[in-house]
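Chemist: whatever this is, show me its structure:
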Amino acid sequence: MVTFYRRLPRFDYVKAVSFDDVLKLLGNGGGKTCKVYAGGTDLIPKLKERVIGVPDLLIDLKGIPNLDYIEYGEEGVLKIGALATVSSVAHSRLVKEKFGILAQAARSIASTQVQNRGTIVGNICNAVPSADSAPALLCLGAEVVCVSNRGERSISIDEFFKGPNQTALGPDEVVKEIRVPQMAGGGKGVYLKLSPRSKMDLAVVGVAAVAVMEEGKYKDVRLALGAVAPTPVRAKRAEEMLLGKGAAEKVVQKAAKMASEEARPIDDHRASAQYRKMMVEVLVKRAVQGLYPN
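Modeler: Okay, here's the model as predicted:
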């Protein structure tokens, strides 16, 4: 099969050196459409393929210093800057020790080359249902910090995704960082991804599970699904079913079945909706049983 790549369309380009630069450009567009990007691993291919509208101005964030941080404060919150690469999150000792599920999800994103260029913030701003970091961030209760000329606001990750390629960001807003609170009780987490290859491919199904078990029963449990609905989603009915119960095989199986019923997948060239529902059940069962194996 021969693949043809189109040239990039024409647009103006600015490499910002501060957030003030970005906000001025976004706030004073004068009718021009603007796109902000960091790694460009999602945006540039889409522009070449003409699957999104061509902006008048492309704003590159890579020139802004000190925005690639990964920090953990005394308040128990992980802060991931807008330019922190997928690779830096995947291999951060801090993330692996305290937010292991996020490191797992980051390691599963695309190729090594993409991980070295792309960012976690960009992965969620792309807002594709199959984004690998999204289910993990949903389970962890992350918040997205956005800034504009009007000031700063935080958006719960649950409310950030509005649809395929759609977020709650306003046209004059840009994401500054992601904040991830430490789960009370030191819960365990796991991310499982079904794809034709372990890397490179988009998730056919992605499942994240985080839980805290106390005296043999689930005190807190969170399940999130990717690539099986218009946005990454929590399987809340399945979560409620597990709360207060032990990890018996029949309990976990019932919860996995409920999670598959909460999924709303589509048929596409990668998998049928029926197959995706079946795999949600399989992966949720594996993920939950893997958290606290008997």
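
Chemist: next, count neighbours for the nearest residue to residue 95 once chain neighbours are set aside.
Modeler: In space, and not counting its chain neighbours, residue 95 is closest to residue 103: 4.7 Å by C-beta to C-beta, 6 or more residues apart in numbering. In this view, the C-beta of every residue, glycine as well, is placed from N, C-alpha and C. Neighbours of residue 103 under the rule other C-beta atoms under 10 Å: 22.

Chemist: same check on residue 197?
Modeler: Around residue 197 there are 6 residues (other C-beta under 10 Å).

Chemist: could we number from 45 for the rest of this?
Modeler: All right, first residue 45 from here; so that's residue 241.

Chemist: other residues contacting the helix ranked longest in the chain?
Modeler: With DSSP state H setting the assignment, residue counts place helix 317-335 as the longest helix in the chain. Outside helix 317-335, the residues within contact range by C-beta atoms under 8 Å, 6 or more residues apart in numbering are 232-236, 238, 248-249, 251-255, 257, 265, 267, 269, 271-272, 279, 282, 286, 291, 296-297, 299-301, 303-305, 307, 309-311, 315.

Chemist: for stretch 170-178, same thing?
Modeler: Defining contact as C-beta under 8 Å, 6+ apart, one finds that stretch 170-178 is touched by 86-87, 130, 146, 149-150, 152-153, 164, 167-168, 201, 205-211, 235, 237, 246-248, 250, 268, 270-276.

Chemist: drop anything exposed from those residues.
Modeler: Buried subset of the contacts of stretch 170-178 (neighbour count, 16 or more other C-beta atoms under 10 Å): 86-87, 130, 146, 149-150, 152-153, 164, 167-168, 201, 205, 211, 235, 237, 246-248, 250, 268, 270-273, 275-276.

Chemist: which ones among those are found in helices?
Modeler: Using DSSP H, the buried ones among the contacts of stretch 170-178 in helices are 87, 130, 146, 149, 150, 164, 167, 168, 201.

Chemist: ok so, going back, just the buried ones from the contacts of helix 317-335?
Modeler: In terms of neighbour count (16+ other C-beta under 10 Å), the buried residues within the contacts of helix 317-335 are 232-236, 238, 248-249, 251-255, 257, 265, 267, 269, 271-272, 279, 282, 286, 291, 296, 299-301, 303-304, 307, 309, 315.

Chemist: among the residues you listed, which lie within strands?
Modeler: 232-236, 238, 249, 251-255, 257, 265, 267, 269 (DSSP state E).

Chemist: got the domain ranges for the chain?
Modeler: Domain assignment for the chain by automatic domain parsing gives 56-104, 114-225, 232-239+248-335.
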